[in-house]
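**Student:** below are the sequence and a predicted model for it; my questions follow.
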Protein chains: 2
Amino acid sequence: MENFIFQNPTKLVFGKGMIAKLSRLIPADRRVMITFGGGSVRRNGVYDEVCKALAGRDTVEFWGIEPNPSIETLRKAIALGKEKRVDFLLAVGGGSVIDGTKLISAGLLYDGDAWDLVLKGSETHAVPFGTVLTIPATGSEMNNGAVISRHETKEKYPFYSNYPRFSVLDPEKTFTLPERQVACGIADTFVHVMEQYMTVPGVSRVMDRWAEGILQTLVEIAPKIRANRQDYDLMADFMLSATMGLNGFVALGVPQDWATHMIGHELTALHGLTHGATLAIVLPGTLRVLREQKGAKLLQYGERVWGITAGSREERIDCAIARTEEFFRSLGLSTRLPEEGIGAGTIAEVERRFNERGVHFGEAGNVDGAMARRILEACM
Amino acid sequence: MENFIFQNPTKLVFGKGMIAKLSRLIPADRRVMITFGGGSVRRNGVYDEVCKALAGRDTVEFWGIEPNPSIETLRKAIALGKEKRVDFLLAVGGGSVIDGTKLISAGLLYDGDAWDLVLKGSETHAVPFGTVLTIPATGSEMNNGAVISRHETKEKYPFYSNYPRFSVLDPEKTFTLPERQVACGIADTFVHVMEQYMTVPGVSRVMDRWAEGILQTLVEIAPKIRANRQDYDLMADFMLSATMGLNGFVALGVPQDWATHMIGHELTALHGLTHGATLAIVLPGTLRVLREQKGAKLLQYGERVWGITAGSREERIDCAIARTEEFFRSLGLSTRLPEEGIGAGTIAEVERRFNERGVHFGEAGNVDGAMARRILEACM
């Protein structure tokens, strides 16, 4: 096991009716800016419950944080928050609203342009914030990471700030999510776990089991959710899986990869493709290209998650990768680039960008521009 | 899934050489009382590393917190800490030293006798503390619970205070633990997880998988550890399992039991038997008596942890309980009361105490005095 330091201070407030707890979770003397995405929270009852919980409080609302939150939008939120002198933020929405709010929280205490903070990569001098999660997917509700886009240059970078003080998760509020958003959330959660798991086996037996436990849960619940997105226990399991998939709990003392994510971010930046949808395409390609490097773990994964025990080593690895791709397809997602109208031009651009930045991603640091090309070509 | 609120702020500092981090983990301006058990930390290098990390600091030492820490000893520590006006505590040892330090931390800010706090059950007005763990077992290094004994009346009660600010876990420091202490630690961890798992199946699919993941890990590593207690990765897996087994991570949104623990505590209070050793005896008895109530979960446990798939329902349940008892025996522990010289007199006394206190323990609230008698009789 590798040495590690772990701390996750977020208070998780989970279950039916828990939005009402906001009145106690946010100190009464705070001036709160509530951040939202589009209008879906007006239709699913979340907005009304938040307003009721914070009735009489000193609040200001900022609407319109878009999927893949952009610096262009977040600058406006920061300006409003500075003008209103807010000292607490409440993000109400999915991962994009929460990610954007993390940059706002730091931007409020920064005098320059918040894009500086994104390029710097991290900033923890920030106003405190909490969240009300409406879309299980990114895990942003219980970690300190965010991904921020810049439309004018089609760039998308990770940014790290503080953990949410609290996050309220009510599975009932996911009942109105569209099928595709649920599918992308399941894929996102699955790949988050794979990024922390699909390296070498046995570095931590417990972490291997916990990662497999989330993957097994997703495999078990995905078809049931596809049949019924209004089953409380199913959606609660999905929501908890998404949070546990990226809050550090399955990453204690183990190597991580994240190459699939870094390639996927480029597809989102260049084509606007939803994050989870990019991962469903890229991950099988990553596994196909790096099947030797990840062979021992692919065998363990195949056996424990998919029950693959028959056949030669190579056949079992083939089968594990195939089952992974089939799983994403069973969610209704594309798993090949041409299905999304993406081709050689994009592959060349991703290679160029990786080379220009001189990056070496992945557990072994061997995913550079050339390797990204090979991976994307394996997704054709 | 049940509604829940979860927060665990402890910083986990895990790995080789991590004791050196103490110099940064404890604020420089604090007057620190370091609490110890017996002298084992002088022999395994822990004491020297702690002293080196805190060289030049304003510290006072308190030695002699015994297994099953007693109010009699802890009163002395509180008196010393008050006299020296300490404002930070560092517990260096196993679960007993950490448990005792939790009461000291609250007792330092309380004017009366600290036993009042134990009878009250909880007190969070307390000086901050950190820990250096030397014995994987209780999970006290990453939770807010403690168990405090009173020798003069042979009583033993749970007490809740704050979470450690940090806990340093260096698996190398477990290499000198005696075989029996390791065996009791494995049993303790196993039963902690069972208390949070062995109720009804499927309340949370993820939590079920995570609990099973720790149990599977313990089953896998126990015989290897018995063959070699100086293997770093094995002891790291054990150490991490013990912490993860009782820090709330496997208890999110699920019912819990804890009847085995409450009965076990009485055996320790009355006979001084080591905590983990009491659990190895009581758990199989609990499962035998409550096999119908816990039947569905016993079947899932049997299949997922022990691979039991053949036979009738009753045969599979029999087998799951038998494998559990065999596991404890494989650790070298007793699993029947007479092996420890405990008989009818003790059973009657436990029944009398439970009745006197009017308790109803367990997931279903049905473990009262009469049920405790049945469970203990099933351990004869």
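**Tutor:** Everything's here; your move.
**Student:** got the CA positions of whichever strand or helix holds residue A:226 in CSV?
**Tutor:** Residue A:226 is part of helix A:205-227 when elements are defined by DSSP states H and E. Coordinates of each C-alpha in helix A:205-227 appear next as CSV, following Å, rounded to 0.1, in the frame of the first residue of the first chain:
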residue,chain,number,x,y,z
ARG,A,205,-7.1,-5.4,-0.9
VAL,A,206,-9.8,-3.4,0.9
MET,A,207,-9.8,-0.6,-1.7
ASP,A,208,-10.0,-3.2,-4.5
ARG,A,209,-13.1,-4.7,-2.9
TRP,A,210,-14.7,-1.3,-2.3
ALA,A,211,-14.1,-0.2,-5.9
GLU,A,212,-15.5,-3.5,-7.1
GLY,A,213,-18.4,-3.1,-4.7
ILE,A,214,-19.5,0.1,-6.4
LEU,A,215,-19.0,-1.4,-9.9
GLN,A,216,-21.0,-4.4,-8.9
THR,A,217,-23.8,-2.2,-7.5
LEU,A,218,-23.9,-0.2,-10.7
VAL,A,219,-24.0,-3.3,-12.9
GLU,A,220,-26.9,-4.6,-10.7
ILE,A,221,-29.0,-1.5,-10.5
ALA,A,222,-28.5,-0.1,-14.0
PRO,A,223,-31.0,-2.3,-15.8
LYS,A,224,-33.5,-1.9,-13.0
ILE,A,225,-33.2,1.9,-13.1
ARG,A,226,-33.6,1.8,-16.9
ALA,A,227,-37.0,0.0,-16.2
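**Student:** near chain B at all, that helix?
**Tutor:** Yes: taking C-beta under 8 Å from any C-beta of the partner chain as the criterion, helix A:205-227 and chain B are in contact, through A:205-207, A:209-210, A:212-214, A:216-217, A:220-221. In this view, the C-beta of every residue, glycine as well, is placed from N, C-alpha and C.
**Student:** what subset of those is buried?
**Tutor:** The neighbour-count criterion (16 or more other C-beta atoms under 10 Å in any protein chain shown) marks A:205-207, A:209-210, A:212-214, A:216-217, A:221 among the residues of helix A:205-227 next to chain B as buried.
**Student:** pLDDT and distance to residue B:261 added to these, as a markdown table?
**Tutor:** As requested, these are exported to a markdown table (pLDDT from 0 to 100; distance: C-beta to C-beta, whole Å):
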| residue | pLDDT | distance to residue B:261 |
| --- | --- | --- |
| A:205 | 98 | 25 |
| A:206 | 98 | 22 |
| A:207 | 98 | 26 |
| A:209 | 98 | 24 |
| A:210 | 98 | 24 |
| A:212 | 98 | 28 |
| A:213 | 98 | 24 |
| A:214 | 98 | 28 |
| A:216 | 98 | 29 |
| A:217 | 98 | 28 |
| A:221 | 98 | 32 |
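**Student:** sorry, back to before: next SSE after the helix holding residue A:226?
**Tutor:** helix A:232-244.
**Student:** counting contacts, what elements does that following helix pack onto?
**Tutor:** Applying 3 or more C-beta pairs under 8 Å, 6 or more residues apart in numbering or on different chains; DSSP states H and E, we find helix A:232-244 packed against strand A:4-14, strand A:166-169, helix A:179-197, helix A:205-227, helix B:205-227.
**Student:** can I get these in a markdown table with distance to residue B:10?
**Tutor:** As requested, these are exported to a markdown table (distance: least, C-beta to C-beta, whole Å):
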| stretch | distance to residue B:10 |
| --- | --- |
| strand A:4-14 | 7 |
| strand A:166-169 | 17 |
| helix A:179-197 | 21 |
| helix A:205-227 | 17 |
| helix B:205-227 | 18 |
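**Student:** which one of those lies nearest to residue B:133?
**Tutor:** Nearest to residue B:133 among the helices and strands packed on helix A:232-244 is strand A:4-14; the distance by C-beta to C-beta comes to 14.2 Å.
**Student:** what angle sits between the closest one and helix B:232-244?
**Tutor:** Strand A:4-14 runs at 30 degrees relative to helix B:232-244, counting by axes from the mean of the first three to the mean of the last three C-alpha atoms, to 10 degrees.
**Student:** pairing partners for strand A:4-14, with directions?
**Tutor:** Here strand A:4-14 has these sheet partners by DSSP bridges: strand A:166-169 (parallel), strand B:4-14 (antiparallel).
**Student:** tell me which residues are up against it.
**Tutor:** For strand A:4-14, the external contacting residues (C-beta atoms under 8 Å, 6 or more residues apart in numbering or on different chains) are A:21, A:25, A:141-143, A:163-170, A:236, A:239-240, A:243, A:247-249, A:252-253, B:1, B:3-15, B:21, B:252-253.
**Student:** now do the helix or strand following that strand: which elements does it pack against?
**Tutor:** In the C-terminal direction, the helix or strand that comes right after strand A:4-14 (DSSP H and E) is helix A:22-25. For helix A:22-25, the packing partners by 3+ C-beta pairs under 8 Å, 6+ apart come out as helix A:46-53, strand A:129-133, strand A:166-169.
**Student:** contact partners of helix A:22-25?
**Tutor:** So helix A:22-25 is in contact with A:11, A:13, A:50, A:53-54, A:90, A:130, A:132, A:165-166, A:168, going by C-beta under 8 Å, 6+ apart.
**Student:** chain neighbours aside, what residue packs nearest to residue A:246?
**Tutor:** If the residues on either side of it in the chain are set aside, residue A:246 comes closest to residue A:139, at 2.8 Å by C-beta to C-beta, 6 or more residues apart in numbering or on different chains.
**Student:** the one you found and chain B, how far apart?
**Tutor:** Counting by C-beta to the nearest C-beta, to the nearest Å, the separation of residue A:139 from chain B is 13 Å.
**Student:** interface residues of the stretch 101-250 of chain A facing chain B?
**Tutor:** Those residues of the stretch 101-250 of chain A that sit near chain B, judged by C-beta under 8 Å from any C-beta, are A:171, A:202-207, A:209-210, A:212-214, A:216-217, A:220-221, A:232-233, A:236-237, A:240-241, A:244, A:249.
**Student:** circling back to that earlier point, redo the helices and strands packed on helix A:22-25 as TSV? Include distance to residue B:35.
**Tutor:** Converted to TSV, those look like this (distance: least, C-beta to C-beta, whole Å):
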stretch	distance to residue B:35
helix A:46-53	43
strand A:129-133	36
strand A:166-169	33
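**Student:** who wins for proximity to residue A:367 among the ones you listed?
**Tutor:** Closest approach to residue A:367 among the helices and strands packed on helix A:22-25 is made by strand A:129-133 (30.7 Å; C-beta to C-beta).
**Student:** contacts for whichever helix or strand comes after that closest one next, please.
**Tutor:** Following strand A:129-133 in sequence order, the next helix or strand is strand A:145-150 (DSSP H and E). Counting contacts by C-beta under 8 Å, 6+ apart, the residues outside strand A:145-150 that touch it are A:68-72, A:74, A:98-100, A:102-103, A:115, A:118, A:140, A:155-161, A:246, A:265, A:268-269, A:275.
**Student:** many thanks, I have nothing further to ask.
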